[in-house]
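[1] Sequence first, predicted model second:
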Amino acid sequence: MKGLKKERKYKIGDDVIWTNSNGVNLGKRKVIGYSTRSGETYFEYTYFIDPIDTPWFSVSESELKPYKA
C-alpha cells in the first residue's frame, strides 16, 4: 500500500484547522484519536477530532492544517 511508512503529521492533543473536502474552513479542532482508510491502491491517515457532529467519522489528514495561535 502506498504511503505506509509515512509518519503521522499530528498527535493526540494537537490543535488543527479543519477544511473539509469542499474547501469550507470549519475552524479550530483538537485531535482526539487516530484511524486509517485504505484500499487496494491507497492508504491514508485519518483523525478523530473534537468538536464534530459525527464523532464516529474520522477526518483525512489532507483536510487538516496546523493551528497557529
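    Arrived safely.

[2] Tell me where this protein has strands.
    Taking DSSP state E as the test, the strands found in the chain are 15-19, 25-38, 43-50, 59-60, 64-66.

[3] Sketch out the low-pLDDT regions of this protein for me.
    For the chain, the stretches with pLDDT under 70 are 1-5, 39, 41.

[4] Need the strands of the chain in TSV (columns: distance to residue 8 and mean neighbour count).
    To be clear about C-beta, it is placed using only N, CA and C from the backbone, and glycine gets the same treatment. Listed next are the strands of the chain as TSV, based on distance: least, Cβ to Cβ, whole Å; neighbours: other Cβ atoms under 10 Å:
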stretch	distance to residue 8	mean neighbour count
strand 15-19	12	17
strand 25-38	7	14
strand 43-50	5	19
strand 59-60	12	18
strand 64-66	11	15
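
[5] possible to save those as a markdown table with distance to residue 6?
    Output for these, formatted as a markdown table (distance: least, Cβ to Cβ, whole Å):
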| stretch | distance to residue 6 |
| --- | --- |
| strand 15-19 | 17 |
| strand 25-38 | 11 |
| strand 43-50 | 8 |
| strand 59-60 | 13 |
| strand 64-66 | 14 |
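
[6] What residues does the nearest residue to residue 25 once chain neighbours are set aside make contact with?
    Leaving aside its sequence neighbours, residue 25 sits nearest to residue 19 (Cβ to Cβ, 6 or more residues apart in numbering; 5.0 Å). Residue 19 makes contact with 25-26, 63-65, according to Cβ atoms under 8 Å, 6 or more residues apart in numbering.

[7] try it again with 10 Å
    25-27, 59, 62-65 (Cβ atoms under 10 Å, 6 or more residues apart in numbering).

[8] Of the residues you listed, which pair is most distant in space?
    Using Cβ to Cβ, the two most remote members of these are 27 and 62, lying 17.2 Å apart.

[9] could you measure the residue nearest to residue 50 when sequence neighbours are not counted against residue 23, distance?
    Among residues not flanking residue 50 along the chain, residue 32 sits closest, at 4.8 Å (Cβ to Cβ, 6+ apart). Applying Cβ to Cβ, to the nearest Å, the value for residue 32 to residue 23 is 24 Å.
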